[in-house]
Each structure stands twice: as structure tokens, then as C-alpha cells.
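Asker: just the structure for this:
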Amino acid sequence: MVNQTYTADVLVVGGGTGGTAAAIQAARRGAKTILVSEFPWLGGMLTSAGVSVPDGNELESFQTGLWGAFLQELRQRQPGGLDNSWVSFFSYDPRIGAEIFADWVQELPNLHWISGQVPLEVFRQGDLITGVRFADFAITAKIILDGTELGDLLALADIPYHWGWELQSEWGEPSAPVTFNSLTQKYPVQAPTYVVIMQDFGEVIAPEIPSAPNYNPSQFTDAWDGYGAETFLNYGRLPGGLFMMNWPICGNDYGEEVGRLIESDVSRGEFIQESRWHSQNFAHFIQKQLGRRYGLAEKVFPHTSTAFALHPYYRESRRLVGLTTVREQDILPIAKGRVASIFNDAIAVGNYANDHHYPGVQFPLQPKSIRWGGRWTGTPFTIPYSCLIPAATDGFLVCEKNISVSHIANGATRLQPVVMGIGQAAGMAAAICVELNCQPRDLPIRKLQTTLLEDNRSKALIIPLFNLPPNRSDWRHWQLYYLDNPQAYPVSGDCPESAFGKPLIPESNCFKGIFYRLEQQEYKFTVTAPAAYQGQNWQLVTLRSHIDEQLCAYPHEQLVTLWGRYNHSGNWLLVEHLNGG
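Answerer: Down below sits the predicted model:
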């Protein structure tokens, strides 16, 4: 029974990565905004799903918008810094991430956050979405955004969506299957993972982790073969002796009858319970193999099972049938280039590899990874505004993994920083639609693009350029130049050079040694000073474009002085300054 009806300019349903970003951006723009979340933490993948070692948009030039602001807050708040794991350049305690989002929401008087609620019904008048009903209240709004983890509003509103694979005949994607097969039947979407956080108890014996139903140790037998136990644990190492368990190789990805997620509330609950049991069994196996030094983490997540995330890490959702569909061709590098072609209505950027998860299956995809900065990264690509807009429904935008994207391309668009950028753009679009009293499909795209570029708190990247960090004085100029002249967008991903600012690096982070070029974009550094590291061999990596250029040109077997941060888990030095640079 509806006891109360609220009204707002913008309603965001779902407090995940995209929904949280959308609500914050809409409210910062001045719209009266309501955010309704299922869980007591905001941030989704970055916090409540426990994936606090995010992938993608790691290069300095791509750390913009709310994503860049989030990283800046983490650097200030996370004791010991973010150099903890080897799978990501940023690993942090999820509690700190949740605090950041809660603080951002709390500082906005025109943003009302309601937690612990899920949508039950969507109100519409013809092709116009007008409101959403929850258990004991309803909300009407001018623009409504679906920020749910699985695109639940799409189903409730009868808005057309995709679920599952598309064949090659649909869009001509090179990695799509020619016919449906056993893989497409068994895994209609990518497998989720129920993240569990483990803890190093040191000399203390950790409490025993009981096995859950259907424990089968053979499922995990080869989990860290070829890596070794320490490297395996360091994959998702967090500060404070914690380890994030989100391991794809004979690990805790879970995709058994994954279609149950959208069949009914009961079947979804069954799948979630099984996936959590699967992660409990993986943790039990790790403890059995590596000893009682390792146990379940204590007091991490705000519910009784404090080592388990609040919900699974969903890699794929219902996917909108929108005005534009992002296909595999749109994320692959252009001929002889290091970037993908750009959309005229681009509003966000990603650069991750196309990464698909099907337990026990190797699925080959068209490569889109490149070597850069001494390490692998991904070909940069753009997200078009038109993939957020339903083909035939007004008053509505999507802002999560539920954009209009193919199953194949979703492997690259689903990553946390990309979704955060999508959410920021969707929130800005919603607020401007309210200002202009127009529908999302009628919003002038250049108005949205320039507003994102010029946002006074978190200006957001639209055109990916390796050598254009946001602190460059000509940043806005080159963004607008390539928006106006897309035919001039360089295949190298580099715009004409200008001066870079040098970071202030403490003297304690100065290292001297011998530089070795093993091959193109692979470097070794043998430390000569300070004495505590003398003789150690480290990989050299960087997130800064001008340092990348210097490393590419530095003489083999020469002495070099470097400033940066050492990451024990990755055995690399993250170079931020190089003598002569």
C-alpha cells in the first residue's frame, strides 16, 4: 500500500556505481534529486559488491570526472596508499569507498537518499515513464534513471531489452558466435562473483571457515597453479592484511543457471545464495590449503556475514534496446591505431580490455589490448549518449551496465570507471533536461558535452588522448577541437605536445639503478640505491604519458635516477618522475 508519494526533478533507482554517480551529478547541477538504493552502502561494484581493486581508466589522462575525484579522495583517506595489489593500481578498503560516497551525498541538501528499498512497479502514461512504486511509498519525477544492478526498471516498465548473446549476423561482430551453441546456452550472460574478503591473522590462529553445501574441492584444485600462493593472494591484496577474493581461475566466479537472476525474485534469491556458498567454499579451500593463518575478514561489510559483500559482483545486466548500440567494432582499435573511432555524441570514456568470464571456458575475443607505460592496458573507446536512451520511451535514461550494448562489447563497457562516467553523464543529462524542459532524446548533445567538460567540480573526459592529463592548460581546447573535428582525431591517441607539470615527489621515493630494456614496452630496473633495496630487480611502469615517452627512448643498461612508488605485490616501481624529465 502506498502511504506517501514524493516528487522530484530526477529519480535514480539503484545505488550502484552508475546510479550513485548519476544522483550526485544531477544534484550538484541543482536538480531536486531522490536516490533509492537497496543496500546501506552506495557505490555498487566499488563498495557494496566488494570489488575495491577496480580495473580500467588507470592512466593519468583518464582519471577525470567523478572517477578522478574518487581516486583523489581515496589517496587522501586510505592509510598506506593504494599500491597494494598487482591486478590494479588502486586497491583500498571498501569501507573507505563507502564513506566517500556517503559524504558526497550528505553534503547535497537537494539530494534525498532512501536505502533498503527495491522498485515494485513503474508508472507510465503511454510512452512516458512518470514514477516508481516501492513497498510503502511512490516517487514521481520528470526524469527517471535505472541504476539497478540488473536493469530491473527495464523489465518493470516493459522497455525492450537484450539478455544473452547476439549472433555474428546481428551486427557483424568478429568475436560473436555464428550459431548458438553449448556455451551460449550454459552462460547466457557472464558469470557473477560473490566477493569474499579474507584476512591474514598472522601468528593468531584464524577461526575455522566451515564448508557450505555442495562443497567440491576439485572445483578449486588448480586455482593458483602457475602463480604460487603468495602471488595469488597478492592479486587482490588490500590494506590492513586483507585480501579481496575475486579470482577467475578455478575460483569463485559462479554461473550455474545464471538466467535465474531475471526469472523471479525467488529464483534470483536462490542463485545469490548459491553463489555466496560457492565463495564460502573457495575460502574454506584456501584455508585448508594455506593454513589457519588465513580466515574470513572481520567487520568489513555492514551485515552479519561481515566478510561477504552485500551482493554479487554482476558483470552483465539486462541491456537496453537504445537509439544506438555499442558493438564490438566500436571498442576495437582503428587500422594501424591505438584508439577506437569516436562517437559524435560521446559522453564517457573507457580503455579496458574486452574481458569475459565463463567458468571453465576459454572464450577467444578479438584483441584490444596494447602495451603502454611498461604494462598492458586497453584500447581507449567512447560511450555515446544515445546508448542511454530507449528507442521509444521518454522520461527515462539508463546509467549502469544496462546501457544499449552488445553482449560481446559489454566485456569492456562494464568496468567500474566506465560505468561511473556513464552515471555522471546520465545525471548531468537528466538535470539539463529538467532545466530545458525537454526529453532526453531532444537534449542538444553539445550542451551536455560542454557541460561535462566544464563542470566546476569534476570535469569529465569525452575524447580519450593518452598525453592530455586534466591539469594541462589546453585540456579543454583539445577536447573541443576533436569534438568539432572528429576526422582529425589522431590514430596514435596523442594530441600535439605541450608542457606537463611535474609532480612533487618526496626525496624518500628516489631510487637509483640500472635501466634495462627487455623489449618494447618492457623494462627492468636493478636497484643500486637506497641500500635497503640494493640488487633487487623491479619492473618499471608508469601512468604518465611523458614518462612513457622517456622510458621508450632511454638508453639500455644506463644508470638512471627515478622517483616513484614501489608496489611489493606487483614488484614494480610506478615511475612519476625521471631524471631529465
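
Asker: strands along the stretch 51-200 of the chain, start to end?
Answerer: 111-115, 121-125, 128-133, 137-146, 161-162, 196-200 (DSSP state E, counting those that start in this stretch).

Asker: all helices of the stretch 301-450 of the chain, in order?
Answerer: 410-413, 416-436, 445-453 (DSSP state H, counting those that start in this stretch).

Asker: okay, the ones you listed, which one's buried deepest?
Answerer: Counting by mean count of other CB atoms under 10 Å, helix 416-436 has the highest mean neighbour count of those, with a mean of 27. All C-beta atoms are positioned from the backbone trio N, CA, C, and that covers glycine.

Asker: please name every helix or strand in contact with that helix.
Answerer: When contacts are defined as 3 or more CB pairs under 8 Å, 6 or more residues apart in numbering; DSSP states H and E, helix 416-436 packs onto strand 4-13, helix 17-29, helix 65-77, strand 137-146, strand 346-350, strand 381-384, strand 396-398, helix 445-453.

Asker: tell me what the shortest one is packed against?
Answerer: Counting contacts by 3+ CB pairs under 8 Å, 6+ apart, strand 396-398 packs against strand 137-146, helix 416-436.

Asker: from the chain's centroid, how far away is the shortest one?
Answerer: Which is strand 137-146. 26 Å (CA atoms, centre = their mean, to the nearest Å).

Asker: what residues does stretch 424-432 touch?
Answerer: 9-10, 12, 18, 21-27, 29-31, 33, 65-66, 143, 145, 347-348, 383, 385, 388, 397-399, 440, 443, 447-448, 451-452, 455, 458, 460 (CB atoms under 8 Å, 6 or more residues apart in numbering).

Asker: rewinding a little: out of the helices of the stretch 301-450 of the chain, which is closest to Val339?
Answerer: Nearest of the helices of the stretch 301-450 of the chain to Val339, taken as CB to CB: helix 410-413 at 13.3 Å.

Asker: distance check, Ile100 against Leu465.
Answerer: 27 Å (CB to CB, to the nearest Å).

Asker: would you agree Leu35 falls within a strand?
Answerer: Yes - counting by DSSP: H, G, I helix; E, B strand; the rest coil, Leu35 is found in a strand.

Asker: for it, which non-adjacent residue is spatially closest?
Answerer: Nearest in space to Leu35, with sequence neighbours left out and distances taken as CB to CB, 6 or more residues apart in numbering, is Ala23 at 3.8 Å.

Asker: from Trp104, how far off is the one you found?
Answerer: Distance from Ala23 to Trp104, by CB to CB: 9 Å.

Asker: higher neighbour count, the two?
Answerer: Ala23 (37 against 23; other CB atoms under 10 Å).

Asker: my guess is the more buried one meets Lys32, correct?
Answerer: No - using CB atoms under 8 Å, Ala23 makes no contact with Lys32, being 11.3 Å away.

Asker: returning to what we had before: can you say which of the helices and strands packed on helix 416-436 is nearest to Gly535?
Answerer: Using CB to CB, the nearest of those to Gly535 is helix 65-77, at 30.6 Å.

Asker: skipping its backbone neighbours, what lies nearest Glu256 in space?
Answerer: Closest to Glu256 by CB to CB, 6+ apart is Glu274, at 6.6 Å.

Asker: and that neighbour, how many residues sit next to it?
Answerer: Neighbour tally, Glu274, other CB under 10 Å: 17.

Asker: and after the helix or strand harbouring it, which helix or strand comes next?
Answerer: Element membership for Glu274, per DSSP states H and E: helix 265-290. Counting by DSSP H and E, the element after helix 265-290 in chain order, helix or strand, is strand 294-296.

Asker: ok, and what's touching that next one?
Answerer: Residues contacting strand 294-296 (CB under 8 Å, 6+ apart): 196-201, 206-209, 233, 243, 283, 286-287, 306-307.

Asker: which of the residues you listed are buried?
Answerer: 196-201, 206, 209, 233, 243, 283, 286-287, 307 (16 or more other CB atoms under 10 Å).
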